[in-house]
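1. Quick one: sequence plus predicted model below, questions after.
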Amino acid sequence: MQIKDVLLAPGTGAFFYDDQAAIRSGAIQDGFVYVGEPVTPDFKSIRVPASSLSVGLVLADDTVVWGDMMSVQYSGAGGRDSLFETAQMSDLTSRVVVPRLLDVDASRYLEACAKVCEPIEDRRLPLAIEYGVSQALLRAAAHFHRKTMAEIVCAEFDLPLSTRRVPIYCQSGDARETNVDKMILKAVDVLPHGLINSRQKFGVDGQTFMDFAKWVATRTRQIGRPGYHPVLHFDVYGWIGQEIGLEPQSIADFICKVADTIPDFTLNIESPADFGSTQAQIENYAKIVSILDNRGSTARIVVDERCNTLEDVRLFAEAKATHLVQIKTPDVGSIADTARAVLICKKNNVGAYVGGSCTETDLSAQVSVHVSVATQADMMLAKPGMGVDEAFSIVGNEQNRLLAMLNRRRVQNENVE
């Protein structure tokens with residue numbers, strides 16, 4: 001299946017790009033903006049509206065299938081690609097990627113992705129380009145074969161076609177209390193994220209964070225339906241290490257202390273500390289995991305920062321340096337590598353969480369659902385945006401529609417047999 005033409009359309013992400021270094025350094029929030037000078041290169045202010053770039057593939061029958069490029073909220077932090085700039089990405093895509101797209105067989109998904117995403121001058125393409133183009137190619141293959149994107153992933157990776165629902169995780173943004181209530185009322189599987197990204201939110205010795213964790217547990221019991229028992233997952237953006245110190249034993253002690261305050265819930269702690277490099281992160285996270293496991297703690301460590309690419313995921317999983325990997329889809333690059341990352345985690349008995357960013361779009365979120373279901377990830381992020389309702393609707397409805405189609409396919413196959 002040849003691609004006849006390629007369209008590019010500038011767009012917006014569903015949230016903002018934020019200068020994490022400036023926020024960690026104490027930038028003060030004034031309403032929705034942060035006051036102060038940016039620190040991370042390419043940021044002209046601490047908070048920047050998220051931009052995106054859509055790539056449309058015009059197929060032989062004139063159908064156009066789309067994918068979206070963008071960066072994550074904290075671009076340029078933790079070893080990530082720099083801030084997304086639409087004009088630069090559009091220029092590079094037009095010059096380098098479009099000729100490649102016009103020269104591939106779009107019916108062969110993995111082969112097409114590999115050819116289009118080849119390095120240029122020994123340097124990998126920007127991960128945002130890989131991400132958007134690989135989404136569009138997956139849609140193209142699904143259109144050609146008259147199957148769902150999930151079925152294409154299963155066929156390409158020789159996976160059984162599963163109809164098991166993947167748990168959904170929601171993030172609250174700064175409107176914590178209101179959004180926690182929304183999550184509980186909608187019986188979200190994993191909540192609330194909490195956006196614990198500053199000293200003010202973490203508190204002296206972590207007391208403010210601990211109080212919030214206890215409140216979430218109490219609130220769940222107060223207004224949740226009978227039998228509702230979500231996993232409590234908090235992203236602390238390295239603040240345990242910032243406030244408590246970078247000694248693995250002290251970090252593990254603090255995590256156990258939090259877990260003891262909410263004994264009836266499974267506790268996930270994402271990004272407990274940033275040790276400054278991928279290798280240091282692996283070594284110290286492995287120590288924290290070992291301490292927690294030896295204590296019999298039910299608390300789980302989730303890695304995000306310093307675990308960006310497929311190779312990073314492999315290193316953390318093989319070193320048992322986390323209980324759960326956030327596979328941050330725009331940072332991984334090609335959506336095919338997201339599938340590979342889930343399979344690597346499963347092979348090493350490490351949890352696989354198909355995440356991403358609030359800065360994404362409806363299209364990238366829908367593709368992530370198909371990859372999550374096809375590979376049977378342990379959980380997936382409700383995205384894009386920070387509003388709960390919209391993201392939970394986009395991801396939840398896409399999953400339910402997909403499962404309905406896969407169940408129908410399963411019945412058809414059984415009748416044929």
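-> Received it, and whenever you're ready, just let me know what you need.

2. Residue 355: what's it in contact with?
-> Applying Cβ atoms under 8 Å, 6 or more residues apart in numbering, one finds that residue 355 lies in contact with 169, 304, 326-329, 380-381. Every residue, glycine included, has its C-beta placed from N, CA and C.

3. Which of those residues fall in strands?
-> When DSSP state E is applied, the contacts of residue 355 are split such that 169, 326-327, 380-381 fall in strands.

4. Of all pairs in those residues, which one is the farthest apart?
-> Pairwise distances across the ones in strands among the contacts of residue 355 peak at 12.4 Å for 169 and 327 (criterion: Cβ to Cβ).

5. higher neighbour count, these two?
-> The neighbour count for residue 169 versus residue 327, taken as other Cβ atoms under 10 Å, is higher for residue 327 (33 against 28).

6. The more buried one bridge partners, please.
-> residue 354 (DSSP bridges).

7. My understanding was that it contacts residue 343; is that so?
-> No. Residue 327 is beyond contact range of residue 343, at 10.6 Å (criterion: Cβ atoms under 8 Å).

8. and of the contacts of residue 355, the nearest to residue 8?
-> Nearest to residue 8 among the contacts of residue 355, with distances taken as Cβ to Cβ, is residue 329, at 20.5 Å.

9. show me the residues around that closest one that make contact.
-> Residue 329 neighbours (Cβ under 8 Å, 6+ apart): 131, 335, 338, 354-357, 360, 364, 368.

10. Would you mind measuring from it to residue 287?
-> 28 Å (Cβ to Cβ, to the nearest Å).

11. can you map out the strands along the chain?
-> 3-18, 28-30, 33-35, 47-59, 64-69, 168-169, 190-193, 231-235, 267-270, 300-303, 324-327, 351-354, 379-381.

12. Find the one among those strands with the highest mean neighbour count.
-> Most buried of the strands of the chain, by mean neighbour count (mean count of other Cβ atoms under 10 Å): strand 324-327, with a mean of 28.

13. Which elements pack onto that one?
-> strand 300-303, helix 310-318, helix 335-347, strand 351-354 (3 or more Cβ pairs under 8 Å, 6 or more residues apart in numbering; DSSP states H and E).

14. Quick one: closest of those to residue 75.
-> Of the helices and strands packed on strand 324-327, nearest to residue 75 by Cβ to Cβ is helix 310-318, at 16.6 Å.

15. which residues are contacting the closest one?
-> 278, 281-282, 285, 303, 306-307, 321-322, 325, 327, 332-333, 337, 340-341, 344-345, 347-348, 350.

16. Show the buried residues in these.
-> Neighbour-count burial (16 or more other Cβ atoms under 10 Å) is assigned, among the contacts of helix 310-318, to 278, 281-282, 285, 303, 306-307, 321-322, 325, 327, 332-333, 337, 340-341, 344-345, 348, 350.

17. rewinding a little: and the furthest pair within the contacts of residue 329?
-> The widest separation within the contacts of residue 329 (Cβ to Cβ) is 14.1 Å, between 335 and 357.

18. And for residue 407, nearest residue in space, chain neighbours not counted?
-> In space, residue 407 comes closest to residue 163 once its chain neighbours are excluded; the distance is 5.3 Å by Cβ to Cβ, 6 or more residues apart in numbering.

19. That should have said residue 303, apologies.
-> The nearest residue in space to residue 303 (Cβ to Cβ, 6+ apart) is residue 322, at 4.0 Å.

20. what residues go with each domain of this structure?
-> 3-149, 168-413 (automatic domain parsing).

21. Those: which one's closest to residue 156?
-> The nearest among the domains of the chain, by Cβ to Cβ, is domain 3-149 at 5.0 Å.
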